[in-house]
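Participant: Fold the following.
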Amino acid sequence: MNTAKQPLLELVGITKRFKQLTAVNGVNLVVNPGEKLVIIGPSGSGKSTLLRAVNFLEQIDDGIIRFEGREVGYLRKHGKLHLDRQQVICGLRAEIGMVFQHFHLFPHMTVLANVMEGPLTVQKKGQRAAQEIALEMLGKVGLLDKKEVYPATLSGGQKQRVAIARALAMKPKLMLFDEPTSALDPELVGEVFDTIHALADEGMTMVIVTHHMGFARELADRVIFMEAGSFVVEETPADFFSDQLGNERIRAFLNRLI
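Facilitator: Residues are numbered from 1 along each chain as shown. Alright, predicted model coming up:
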């Protein structure tokens, strides 16, 4: 089978409800290997919920998630979707890395131990192999010199770069970034942006939910504007930032950010 043109990720009719609120409303999406997709939109539009659904942190109510051409994550019983076994979900999360707005580092572990944790506990690698991977990933994000310190001694930007290294240590095929710079002081945003930019330059496939328009302008192959649980516009950055300035709703959104 020729997989050269096979999407890495495909979402079909993804719907997520919280009681009476439909947070994600029948979303369809295709992400091809090596693509960089940026999703923007107002708070409460469903962006983060969608990303969490792709990583199986939110259970969808309807739809299909395909990864590398195979339907994953759910079994359908009596017309309802049920999450697959925990072992299967953990395996999928190893291939679909996620970095959150808040870093979720283990405060009682050194930086090195934080990054080693996934390979050790999820992938069952030996201590030496896990350490080699962790050191490689800390080098990639420019934090080898911090390997023996604890998260409390790090700046917000450094903590986020450790979180990125931790996700990369699983050697994922897809990276999801949920507002990776929004919890940072403005002067620290650049170092995280540069780290993600370097990963993009290496060809990492990624989906980024953000209010930072630098990601949309400089990194994205496609920009999606999401509102009220639906994709409203999907265009290249050049087209989005020219054509959509005529869209009053999007212009008002951008004017608050730029």
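Participant: so who does residue 143 touch?
Facilitator: Going by C-beta atoms under 8 Å, 6 or more residues apart in numbering, residue 143 touches 111, 158, 161, 162, 165. In this view, the C-beta of every residue, glycine as well, is placed from N, C-alpha and C.
Participant: Closest one of those residues to residue 93?
Facilitator: Using C-beta to C-beta, residue 165 is the member of those that lies nearest residue 93, at 16.4 Å.
Participant: Now for that closest one: which residues touch it?
Facilitator: By C-beta under 8 Å, 6+ apart, the neighbours of residue 165 are 115, 134, 137, 138, 140, 141, 143.
Participant: Repeat the analysis, applying 6 Å as the threshold.
Facilitator: Residues near residue 165 by C-beta atoms under 6 Å, 6 or more residues apart in numbering: 115, 137, 138, 141.
Participant: on contacts alone, who are the packing partners of the longest helix along the chain?
Facilitator: Secondary structure of the chain per DSSP state H: the longest helix is helix 186-201. Here helix 186-201 is seen to pack against helix 156-168 when contacts are counted using 3 or more C-beta pairs under 6 Å, 6 or more residues apart in numbering; DSSP states H and E.
Participant: could you check the angle helix 186-201 makes with the helix it packs on?
Facilitator: Relative orientation of helix 156-168 and helix 186-201, computed by axes from the mean of the first three to the mean of the last three C-alpha atoms, to 10 degrees: 20 degrees.
Participant: any idea how far the residue most central in space within the chain lies from residue 208?
Facilitator: Among the residues of the chain, residue 176 comes closest to the average C-alpha position under C-alpha atoms, centre = their mean, at 1.1 Å. Plainly put, residue 176 is 8 Å away from residue 208 if you go by C-beta to C-beta, to the nearest Å.
Participant: ok, so of the contacts of residue 143, who is nearest residue 171?
Facilitator: residue 165 (12.0 Å).
Participant: what's the spacing between the residue nearest to the closest one when sequence neighbours are not counted and residue 35?
Facilitator: Spatially, and ignoring its direct neighbours in sequence, residue 165 is nearest to residue 137 (4.1 Å; C-beta to C-beta, 6 or more residues apart in numbering). The spacing between residue 137 and residue 35, counted by C-beta to C-beta, is 22 Å.
Participant: still on that earlier bit, remind me what the helix or strand following the longest helix of the chain packs against, helices and strands.
Facilitator: The helix or strand immediately downstream of helix 186-201 is strand 205-209, counting by DSSP states H and E. Where contact means 3+ C-beta pairs under 6 Å, 6+ apart, strand 205-209 is packed against strand 36-40, helix 47-54, strand 174-178.
Participant: what about the ones you listed, which gets the closest to residue 221?
Facilitator: strand 36-40 (5.1 Å).
Participant: For that closest one, enumerate the helices and strands it packs against.
Facilitator: Going by 3+ C-beta pairs under 6 Å, 6+ apart, strand 36-40 lies up against strand 205-209, strand 222-227.
Participant: so which of these is the most packed in?
Facilitator: Comparing the helices and strands packed on strand 36-40 by mean neighbour count (mean count of other C-beta atoms under 10 Å), strand 205-209 comes out on top with a mean of 25.
Participant: low-scoring stretches of the stretch 151-258 of the chain, by residue?
Facilitator: Along the stretch 151-258 of the chain, segments meeting pLDDT under 70 span 244-246, 258.
Participant: So which residues of the chain form helices?
Facilitator: 47-54, 86-95, 111-121, 127-140, 156-168, 186-201, 213-214, 237-243, 248-257.
Participant: I'd like these written out as CSV, with distance to residue 71 added.
Facilitator: Listed next are the helices of the chain as CSV, based on distance: least, C-beta to C-beta, whole Å:
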stretch, distance to residue 71
helix 47-54, 14
helix 86-95, 12
helix 111-121, 25
helix 127-140, 30
helix 156-168, 24
helix 186-201, 28
helix 213-214, 35
helix 237-243, 31
helix 248-257, 33
